[in-house]
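Undergrad: give me a 3D structure for the following:
(chains A and B)
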Amino acid sequence: MATLPAGDEHAKPTGAAPAAAEPGDELERLRELLLGDERRELVAARARIAELERMQGKLSQRLPDAAIAALREQGDHPRVSAALAAPVAQALGAAVHNNRQSIIDALFPVIGPMIRRAVAEALRGLVDNLNGAIESSLSLRGLKWRLEAWRGGVPYAQVVLRHRLAYGIDHVFLIERASGLLLHHAAAAGLPALDADAIAGMLTALGDFVGDSVGSDDHALDAAQVGESLVWVEHGPLLNLACFMRGVPPAGLRSLLKQRLEDIHARLAAMPDGSMLADLAADPEVQERVDPASLLREAQIALAADPAAAPKRSSPWPLLFIALLVLGVLGWQGVQRWRWQQGIDDLRVSLAAQPGFVLGKIDARPWRSLVVHGLLDPDAPSLKALLDRAELGAATRRFETTGYVSTDDRIVELRARRLLQPPSDVTLTMHEGVLTLAGEAPADWSAAALARAPLIAGVRAVNSSLGAPIDPQIVARAALKQAIAELDALRVDFVREDEPVAGSDTVVDAMAAKLRGLDALAHDAGVTLHLQAVGTSDETGGDGTNERVRGLRARWLALALAARGIGDVGEADAAANPEPSRRSASVQIATGPSP
Amino acid sequence: MSGSAFKVCMLGDFGVGKTSLVARFVRSTFSDKYLTTIGVKVDSKEVLRAGREPVKLVLWDIAGRNALDTVGANYLRGAHALLLVADGTREASLATALDLLMQSRSLLPSAQVVLAINKQDLVERWEVGPATVRQLRQSLPVFETSAASGAGVADAFAAIAAGLAP
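TA: A predicted model of the protein is given here:
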């Protein structure tokens, strides 16, 4: 408010009457005459301005009560709010523009929880998406985690995160933001000592360097990662909290660090005036809040108590179906395995019973391949058929054998047969190392066999009961001779001429039967037979008649034999035969050498 | 953290021996390569004080420069003391150190200041005369140091420690 100058000559008081008419007084009177009304209005205006200034001086005292009263009285007509909206917004804008740090400091305790809530909501959505994405995974580990989630009544995604996010906190530094001086350092147990003051300083310098490099006063180094080592830095108005970790920490830990830093700032604000930051660092509660074990413990609790992970009961049917499926597959595999093993055991028993084979080992890939290792005597029977018969599906199978000499009686007998080549009439047996030769064999073979048999591997002793063989030809000839003698005894008698006596057909039939058996005997005896029908006569009648009659009777017999299938029967006169006088006919057989 | 810690920034021109002084005083945790990458290297050392609690000096060895830029100014934030370092054989480095002091005063109006004129082992080649040193001593503590021999180094840091409260 402008004021008139105090030394203005126009403002001099005019109450005293003039004693003499001086030029100044004249001028004053003239002013009174010309400007009297205006001057009085001017004086009144001055008084009103002075009163307004006085009232304005007390405005700062009255304004809060006036504003409260106005807000209370405005009712449904927010004139005061409407009137203040624009200037307050402008003032806030100007404050943010001109004094940003103060606004940030003031809002820090409010902004932190708001941001955490927004981040938590975003993470909840992320977890839901992650849950949907990985619910379909059916790896063994996934099934294990799914079982754990089902048993614990928690979402599958939470279990996955719990298992995957393994991490550890190595160091926590509480650092004065402005100077980079270390206020408190806490380390996990068992770690080597380090120059925490220098590290805190370097970390602050790095943050400044990065902030200046990107040309931003509002952003600082929040995180740095090298391999599995990770540094998170939380920034507050006065203090920074740096956390050195290994592994993959959960997002909740970041929120926890923010919360801890806010708590420490709140504790700093609650400290009495004049307190030093060093006093804050010495506060046991502050130290407990930056303790790595405490942070880990609370982060774990926070993760377990995440409201987004409220227990919900999953439907058991998919899991049961999967379990049954797995059991079915495992059962089928077990049965197959048992069948395979049973086949292997059976084969092992069969191979062990085989003479001339010593089973070494069996290399088997179930239902794929089989290799039998062992020792095999060359005289042992082939085992291929045995292997092929084994119930081992389509697995390829083969032997890998090494030769050896078996002393098993069965193999020694086979070996002796191979080496001695015995005749068919010789029986050859082995029992407990003793070779027994029996039967009939040529003398030269017997001599050679008896000389060689003791040298055969596996033969301890030789028993021989071999005899000389009987010539079948001789036997056959004897039998032939007997048969011819029996045939000679058969005669067909005649009444007269070529009239046979009754019953002669029976005799002819007997002759034919005898003659039929003679062919085989002749073959064995190595001879050929010549058959002749011979007629005889008594002494009555003339010689010519008797000769004719003998001829008739020989013919009759030859024809009768031919009628019975015996051909090639010649006819001869009995005159040459020293037969007794008899009206008969017979068959005479002559033998000759085989062609 | 043991005892009280104080931030001490070392300022000076290129090649005056700041890093050598720190190396003489402490066993460094970090490599000197940080000086050429991010422009600063931090070390710490506990210093005993006669009749008082020991203090830990956190030494910010800021890369040599003749003027404060944004990064350098950020590194100075919150410093309790400045160790200005000049090279006795280069009088211009003394002027640079004083310029840096003037520039940092706006950021650190109450920081304790100690001046180390380094390379005392080459005193015969000094361009900084005794009269100049005497005049400087009237305004601030001045130590003639040698990073090569170690002379005066501990005294300079001890003077800083002695001037720090409590």
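Undergrad: tell me how far A:Arg116 lies from chain B.
TA: Counting by Cβ to the nearest Cβ, to the nearest Å, the gap from A:Arg116 to chain B is 29 Å. All C-beta spots, glycine's among them, are computed from the backbone N, C-alpha and C.
Undergrad: helices or strands up against the lowest-mean-pLDDT helix or strand in chain B?
TA: For chain B, using mean pLDDT, DSSP states H and E, the weakest element among its helices and strands is helix B:33-37, scoring a mean of 75. Packing partners of helix B:33-37 (3 or more Cβ pairs under 8 Å, 6 or more residues apart in numbering or on different chains; DSSP states H and E): strand B:40-49.
Undergrad: how about the helix or strand following the strand it packs on, does it get close to chain A?
TA: Where DSSP states H and E defines the elements, the next helix or strand beyond strand B:40-49 is strand B:52-62. Yes - Strand B:52-62 reaches chain A (Cβ under 8 Å from any Cβ of the partner chain) through B:56, B:58, B:60.
Undergrad: what subset of those is buried?
TA: Among these, the ones that count as buried by 16 or more other Cβ atoms under 10 Å in any protein chain shown are B:56, B:58, B:60.
Undergrad: residues contacting A:Val587?
TA: By Cβ atoms under 8 Å, 6 or more residues apart in numbering or on different chains, A:Val587 lies in contact with A:487, A:490, A:511, A:515, A:531-534, A:557, A:561, A:569.
Undergrad: switch to 6 Å and redo it
TA: Going by Cβ atoms under 6 Å, 6 or more residues apart in numbering or on different chains, A:Val587 touches A:487, A:511, A:531, A:533.
Undergrad: do B:Cys9 as well
TA: Per Cβ under 6 Å, 6+ apart, neighbours of B:Cys9: B:60, B:62, B:76, B:79, B:82.
Undergrad: SS state for it?
TA: Secondary structure state of B:Cys9, per DSSP: H, G, I helix; E, B strand; the rest coil, is strand.
Undergrad: any idea how far A:Ala281 is from it?
TA: According to Cβ to Cβ, to the nearest Å, B:Cys9 stands 22 Å off from A:Ala281.
Undergrad: now the residue of chain B found nearest chain A: how far from A:Ser594?
TA: Going by Cβ to the nearest Cβ, chain A is nearest to B:Gly78 of chain B, at 2.5 Å. Noted for B:Gly78: a distance of 141 Å to A:Ser594, by Cβ to Cβ.
Undergrad: tell me which of these two has more neighbours.
TA: B:Gly78 (19 against 11; other Cβ atoms under 10 Å in any protein chain shown).
Undergrad: look at the residue nearest to that one when sequence neighbours are not counted and give its secondary structure.
TA: Ranked by Cβ to Cβ, 6 or more residues apart in numbering or on different chains and with sequence neighbours excluded, the top spatial neighbour of B:Gly78 is A:Ser179, at 2.5 Å. Assigned by three-state DSSP, the conformation of A:Ser179 is coil.
Undergrad: picking up where we left off before, need the contacts of B:Cys9 in a markdown table with pLDDT, can you?
TA: Below are the contacts of B:Cys9 laid out as a markdown table (pLDDT from 0 to 100):
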| residue | pLDDT |
| --- | --- |
| B:Trp60 | 94 |
| B:Ile62 | 92 |
| B:Leu76 | 92 |
| B:Ala79 | 94 |
| B:Leu82 | 95 |
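Undergrad: so can I have JSON lines of those showing distance to A:Glu148?
TA: Formatted as JSON lines, the contacts of B:Cys9 follow (distance: Cβ to Cβ, whole Å):
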{"residue": "B:Trp60", "distance to A:Glu148": "51"}
{"residue": "B:Ile62", "distance to A:Glu148": "55"}
{"residue": "B:Leu76", "distance to A:Glu148": "55"}
{"residue": "B:Ala79", "distance to A:Glu148": "54"}
{"residue": "B:Leu82", "distance to A:Glu148": "60"}
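Undergrad: just want the most central residue of chain A.
TA: Central residue of chain A (Cα atoms, centre = their mean): A:Leu140, 8.7 Å from the mean position.
Undergrad: any idea how far that residue is from A:Leu147?
TA: Between A:Leu140 and A:Leu147 the computed distance is 11 Å (Cβ to Cβ).
Undergrad: near chain A, which residues of chain B show up?
TA: Listed as neighbours of chain A in chain B under the rule Cβ under 6 Å from any Cβ of the partner chain: B:1, B:5, B:7, B:29, B:38, B:40, B:42-44, B:58, B:70-71, B:74, B:77-78.
Undergrad: if you set the cut-off to 7 Å instead, what comes out?
TA: Residues of chain B lying near chain A by Cβ under 7 Å from any Cβ of the partner chain: B:1, B:4-5, B:7, B:29-30, B:38-40, B:42-44, B:56, B:58, B:60, B:70-71, B:74-75, B:77-79.
Undergrad: which of the residues you listed are buried?
TA: For the residues of chain B next to chain A, buried by 16+ other Cβ under 10 Å: B:1, B:4-5, B:7, B:29-30, B:38-40, B:42-44, B:56, B:58, B:60, B:71, B:74-75, B:77-79.
Undergrad: what about the nearest residue to B:Val40 once chain neighbours are set aside, neighbour count?
TA: Spatial nearest neighbour of B:Val40, excluding adjacent residues (Cβ to Cβ, 6+ apart): A:Ala205 at 4.6 Å. Residues lying near A:Ala205 (other Cβ under 10 Å) number 22.
Undergrad: circling back: now the residues of strand B:52-62 next to chain A as JSON lines including distance to A:Gly433?
TA: Listed next are the residues of strand B:52-62 next to chain A as JSON lines, based on distance: Cβ to Cβ, whole Å:
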{"residue": "B:Lys56", "distance to A:Gly433": "101"}
{"residue": "B:Val58", "distance to A:Gly433": "101"}
{"residue": "B:Trp60", "distance to A:Gly433": "103"}
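Undergrad: so where do the helices sit in chain B?
TA: With helices called from DSSP state H, chain B shows them at B:18-25, B:33-37, B:70-76, B:91-105, B:130-137, B:153-163.
Undergrad: turn those into JSON lines, columns for distance to A:Asp197.
TA: What follows is these, written out as JSON lines (distance: least, Cβ to Cβ, whole Å):
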{"stretch": "helix B:18-25", "distance to A:Asp197": "14"}
{"stretch": "helix B:33-37", "distance to A:Asp197": "15"}
{"stretch": "helix B:70-76", "distance to A:Asp197": "15"}
{"stretch": "helix B:91-105", "distance to A:Asp197": "22"}
{"stretch": "helix B:130-137", "distance to A:Asp197": "31"}
{"stretch": "helix B:153-163", "distance to A:Asp197": "14"}
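Undergrad: these two touch, right, B:Gln103 and B:Arg65?
TA: No - using Cβ atoms under 7 Å, B:Gln103 is not in contact with B:Arg65, being 10.2 Å away.
Undergrad: and the helices of chain B, which one's lowest on average pLDDT?
TA: Mean pLDDT values for the helices of chain B show the minimum at helix B:33-37, a mean of 75.
Undergrad: so which bits of that helix are buried?
TA: For helix B:33-37, burial by neighbour count (16+ other Cβ under 10 Å) applies to B:34-35.
Undergrad: export that helix as PDB, just CAs?
TA: What follows is helix B:33-37, C-alpha atoms only, in PDB (Å, rounded to 0.1, in the frame of the first residue of the first chain):
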ATOM      1  CA  LYS B  33      41.100 -46.700 -12.000                       C
ATOM      2  CA  TYR B  34      38.000 -45.200 -10.400                       C
ATOM      3  CA  LEU B  35      39.700 -41.800 -10.600                       C
ATOM      4  CA  THR B  36      39.800 -42.000 -14.300                       C
ATOM      5  CA  THR B  37      36.300 -43.500 -14.700                       C
END
